[in-house]
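# Need a 3D model of the sequence below.
(one chain, ligands or ions: 3)
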Amino acid sequence: MSEQVISLDSISRLGVLSAASRDQVPPPAAAEGCASQGRCGASAGPDDMPAEVWEKVKNHPCYSEEAHHFFARMHVAVAPACNIQCNYCNRKYDCANESRPGVVSERLTPEQAARKVAAVANELPQLSVLGVAGPGDSLFDARKTFETFARVGAMLPDLKFCISTNGLALPDHLDELTRHAIDHVTITLNCVDPEIGARIYPWIYFKGRRWTGVDGAKILLERQMEGLEGLIARKILVKINSVMIPGINDHHLPEVNRVIREKGAFLHNVMPLISAPEHGTHFGLTGQRGPTPAELKDLQDRLGGGANLMKHCRQCRADAIGLLGEDRGQEFTMDKIPETVVVDPSRREAYRAFVEEERADRRAAAVQTESALARDAAVGTPARLVAITTKGGGRINAHFGKVTEFQIYEVDGAGVRFVGARRLPDKYCLGGFDNAPVMPAILDALEGVDAVLTAKIGPGPRGRLEAAGIEVYEDRTLEYIEPAIGSWYAGRMGAALSERSSA
Ligand SMILES: C[S@@+](CC[C@H](N)C(=O)[O-])C[C@H]1O[C@@H](n2cnc3c(N)ncnc32)[C@H](O)[C@@H]1O
Ligand code: SF4
Ligand code: SF4
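Ligands and ions are numbered 1, 2, ... in the order given. Reported below is the predicted structural model:
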């Protein structure tokens with residue numbers, strides 16, 4: 001077992017401040033307005049939804065964008081096999097360094113999975129969600145999935161359970177999902193048109209035989225709709241995953257969004273296709289590309305009025321552990337898990353109380369600042385894209401050289417909105433040495449970004465960013481993300497306005 005123990009003290013050292021140290025943080029010069037346009041399920045708060053729904057999502061890092069700054073998920077790989085084939089999936093390819101859906105280092109029995117969950121829960125007070133997301137389909141051999149939840153539920157009743165499925169077997173398990181208190185189900189639904197489906201799914205296995213082409217896709221889509229309706233009728237929250245495949249379903253996803261919104265899905269998560277020849281998938285081998293970040297954002301913007309959009313998905317491995325954007329799975333491989341684990345809920349309880357305080361604080365900052373940005377809206381200030389570096393807690397608390405992703409926000413007079421995360425192939429700082437060769441990839445990830453807000457940055461990378469026309473703002477106060485961006489924006493727009501009025 002890893003020697004690293006995350007205590008509330010160490011969380012403070014990570015930059016998620018305690019109430020006492022928070023008081024020392026100077027108030028922001030100006031303000032935020034979190035997602036005041038097109039409020040999404042991801043960033044909405046208790047005022048935007050019924051209390052029973054808020055209770056289900058408030059600590060779920062995938063169903064609440066706010067929660068993803070504070071809470072961790074854990075996937076257990078108890079579902080190896082699948083009942084369909086998608087042209088983008090190959091579960092045989094495994095690389096411990098690669099974070100991609102369907103990839104796992106070890107497959108687990110329900111007993112092993114339960115022991116591992118208990119051990120992780122003791123080490124990781126942020127843990128709030130246990131999910132089964134493959135590497136195959138969670139409901140193809142549903143017994144293993146349900147046995148895992150039964151074992152874990154007996155030990156850790158505070159954890160939320162969720163599953164991810166292609167939906168083919170879903171109608172057969174609706175009541176059992178309710179019996180196991182599974183409040184969150186993700187269905188991957190890439191189209192509502194079987195002709196398009198036939199280009200994504202070469203075959204499905206249903207009622208003892210293999211179905212191909214449009215016939216197979218038609219059965220799958222019908223079963224997905226039946227499953228979706230059954231979940232909604234049972235008040236289970238549904239997230240729809242759609243893989244955006246340029247030239248195949250990108251033009252069709254607004255229609256998918258319309259249909260699932262009508263049916264009552266809670267969130268729509270449009271994920272970019274990940275495709276490379278070395279993955280050995282049909283799409284990888286035939287040169288089918290994924291969308292660029294700009295294409296994804298453009299589609300998400302067009303879906304703005306549709307079902308609530310999830311934009312903070314990290315397309316995790318089927319054995320991922322930790323905050324979204326980090327994967328500590330390698331610290332918890334089975335060889336490090338003791339034979340017997342005694343569950344201790346005290347640190348998780350203390351951590352949840354701490355998060356409630358942080359939430360109240362962030363909201364107060366948001367209310368304070370919304371009006372400042374609204375003044376900018378009145379004079380028609382332009383939108384800006386900002387990249388921030390964070391290691392959790394909703395604050396700008398990570399060094400530029402230490403991150404493997406940027407979180408991207410859009411800001412204008414109407415507010416600060418989360419746009420998505422952009423991954424880096426490697427860190428800039430490798431144990432005190434500059435990893436200069438990674439700089440071109442960093443600049444690619446920052447395409448379209450106007451400014452980087454970070455806790456600390458060295459002169460080398462700062463110079464490279466500034467030479468590329470990206471403003472760098474170093475913020476050592478470990479401020480909350482949205483107020484810091486609002487403050488930066490108000491400063492920039494203030495300067496622009498003075499220039500305008502003195503011209
Ligand atoms: C590995 S699957 C496991 C759960 C289930 N079998 C399903 O497909 O929903 C989890 C998610 O990863 C997505 N996924 C798998 N391979 C992908 C790829 N190459 N690019 C983007 N998304 C992918 C799936 O579409 C699904 O939404
Ligand atoms: S349904 Fe899920 S596990 Fe099955 S092939 Fe598709 S992506 Fe892979
Ligand atoms: S793949 Fe997306 S939805 Fe699933 S756990 Fe990761 S971030 Fe959440």
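# ok, Phe206 - contacts?
Under the criterion of Cβ atoms under 8 Å, 6 or more residues apart in numbering, the neighbours of Phe206 are 83, 168, 216, 219-220, 223. Yep, even glycine has a C-beta here, placed from its N, CA and C like the rest.
# redo that, cut-off 10 Å
By Cβ atoms under 10 Å, 6 or more residues apart in numbering, the residues touching Phe206 are 83-84, 168-169, 215-216, 219-220, 223.
# and if you look at Leu220?
Taking Cβ under 10 Å, 6+ apart, we find Leu220 in contact with 83-84, 166-168, 189-191, 194, 197, 200-201, 203-204, 206, 211.
# May I ask which of the residues you listed has the most neighbours?
Taking other Cβ atoms under 10 Å as the neighbour criterion, Asn190 ranks highest of those with 30 neighbours.
# Check the spacing between it and Tyr489 real quick.
36 Å (Cβ to Cβ, to the nearest Å).
# Restricted to strands, list the contacts of Phe206.
Applying DSSP state E to those, the entries found in strands are Ile84.
# Select, from the contacts of Phe206, the two members most distant in space.
Checked with Cβ to Cβ, the contacts of Phe206 reach their widest spread between Ala169 and Asp215, with 17.9 Å between them.
# okay, those two: which has more neighbours?
A side-by-side neighbour count of Ala169 and Asp215, using other Cβ under 10 Å, places Ala169 first with 19 against 14.
# Without its sequence neighbours, what residue ends up closest to the more buried one?
The shortest distance from Ala169 to any non-neighbouring residue, by Cβ to Cβ, 6 or more residues apart in numbering, is to Leu139 (4.1 Å).
# Distance check, the one you found against Pro246.
29 Å.
# Could you do Asn269 as well?
Taken as Cβ to Cβ, the span from Asn269 to Pro246 is 17 Å.
# Which of those two has more residues huddled nearby?
Higher neighbour count among Asn269 and Pro246: Asn269, with 22 against 18, using other Cβ under 10 Å.
# For that one, grab phi and psi.
When read as degrees, to the nearest 10, the backbone of Asn269 gives phi -110, psi 100.
# ok, what's across the strand from it?
Per DSSP bridges, the residues bridged to Asn269 are Asn241, Met310.
# Tell me which helix or strand Arg107 sits in.
Arg107 is part of no helix or strand, with elements assigned from DSSP states H and E.
# Could you do Lys239 as well?
Using DSSP H and E, Lys239 sits within strand 237-244.
# Can you name every helix or strand that that strand contacts?
Judged by 3 or more Cβ pairs under 10 Å, 6 or more residues apart in numbering; DSSP states H and E, the packing partners of strand 237-244 are helix 51-57, strand 160-165, strand 182-188, helix 213-233, helix 253-263, strand 267-272, helix 293-302, strand 309-310.
# how about the fifth one: buried residues?
For helix 253-263, burial by neighbour count (16 or more other Cβ atoms under 10 Å) applies to 253, 256-257, 259-261.
# Now Gln126. Nearest residue, chain neighbours left out?
Ala72 (4.0 Å).
# For that neighbour, list each beta-bridge partner.
Beta-bridge pairing of Ala72 under DSSP bridges involves Leu127, Leu323.
# what does the stretch 201-350 of the chain have sitting close to ligand 1?
Contact residues, the stretch 201-350 of the chain versus ligand 1 (Cβ under 6 Å from any ligand atom): 241, 243, 271, 273-275, 315, 318.
# possible to save the residues you listed as a markdown table with distance to Val132, neighbour count and pLDDT?
Below are those laid out as a markdown table (distance: Cβ to Cβ, whole Å; neighbours: other Cβ atoms under 10 Å; pLDDT from 0 to 100):
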| residue | distance to Val132 | neighbour count | pLDDT |
| --- | --- | --- | --- |
| Asn241 | 14 | 22 | 97 |
| Val243 | 19 | 28 | 97 |
| Met271 | 18 | 19 | 95 |
| Leu273 | 23 | 23 | 96 |
| Ile274 | 20 | 19 | 93 |
| Ser275 | 25 | 21 | 93 |
| Gln315 | 16 | 18 | 89 |
| Ala318 | 8 | 27 | 86 |
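# Quick one: name the residues of the chain near ligand 2.
Proximity of the chain to ligand 2 (Cβ under 6 Å from any ligand atom) is limited to residues 82, 84-86, 89, 102, 134, 136-137, 166.
# For those, which two are the farthest from each other?
Across those, the longest distance by Cβ to Cβ is 13.6 Å; it joins Gln85 and Gly134.
# the more surrounded of these two?
Counted by other Cβ under 10 Å, Gln85 and Gly134 do not tie: Gly134 has more neighbours, with 28 against 19.
# how far away is the more buried one from Ala366?
According to Cβ to Cβ, Gly134 and Ala366 sit 36 Å apart.
# which ones are touching the residue nearest the centre of the chain?
Nearest to the mean C-alpha position of the chain, by Cα atoms, centre = their mean, lies Cys313 at 2.6 Å. By Cβ under 10 Å, 6+ apart, Cys313 lies in contact with 42, 62, 68, 101, 186, 239, 241, 267, 269-272, 324, 420-421.
# Where does it fall, secondary structure wise?
Using DSSP H and E, Cys313 maps to neither a helix nor a strand.
# same question, Glu349
Short version, using DSSP H and E: Glu349 is in helix 346-378.
# contacting residues around the nearest residue to Thr109 once chain neighbours are set aside?
Of all residues not flanking Thr109 in the chain, Val78 sits nearest, at 7.1 Å (Cβ to Cβ, 6+ apart). Residues counted as contacts of Val78 (Cβ under 10 Å, 6+ apart) are 107-114, 132, 134-136, 138, 141, 143-149, 318-319.
# And the helices in the stretch 401-503 of the chain?
Here the stretch 401-503 of the chain has its helices, by DSSP state H, counting those that start in this stretch, at 439-445, 459-467, 481-502.
# Single out the most deeply packed of these.
Mean neighbour count (mean count of other Cβ atoms under 10 Å) peaks for helix 481-502 among the helices of the stretch 401-503 of the chain, with a mean of 18.
# quick one: average pLDDT of it?
The average pLDDT within helix 481-502 is 73.
# Out of the contacts of Val78, list just those in strands.
Among these, the ones falling in strands (DSSP E) are Val132.
# Got a quick ChimeraX command for the buried subset of the contacts of Val78?
The following ChimeraX line selects those of these that are buried, judged by 16+ other Cβ under 10 Å:
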select :107,108,110,112,113,114,132,134,135,136,138,141,144,145,146,147,148,149,318,319
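# Using the record, which stretches count as separate domains in the chain?
8-336, 366-502 (automatic domain parsing).
# Looking at the stretch 301-450 of the chain, what residue ends up closest to ligand 2?
Minimum separation of the stretch 301-450 of the chain from ligand 2 (Cβ to the nearest ligand atom) falls at Ala318, amounting to 8.5 Å.
# Tell me how far the residue nearest to that residue when sequence neighbours are not counted lies from ligand 1.
The shortest distance from Ala318 to any non-neighbouring residue, by Cβ to Cβ, 6+ apart, is to Gly134 (3.8 Å). Distance of Gly134 to ligand 1, computed by Cβ to the nearest ligand atom, to the nearest Å: 3 Å.
# Could you dump the helices of the stretch 401-503 of the chain into JSON lines and include distance to ligand 1?
Listed next are the helices of the stretch 401-503 of the chain as JSON lines, based on distance: least, Cβ to the nearest ligand atom, whole Å:
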{"stretch": "helix 439-445", "distance to ligand 1": "18"}
{"stretch": "helix 459-467", "distance to ligand 1": "29"}
{"stretch": "helix 481-502", "distance to ligand 1": "26"}
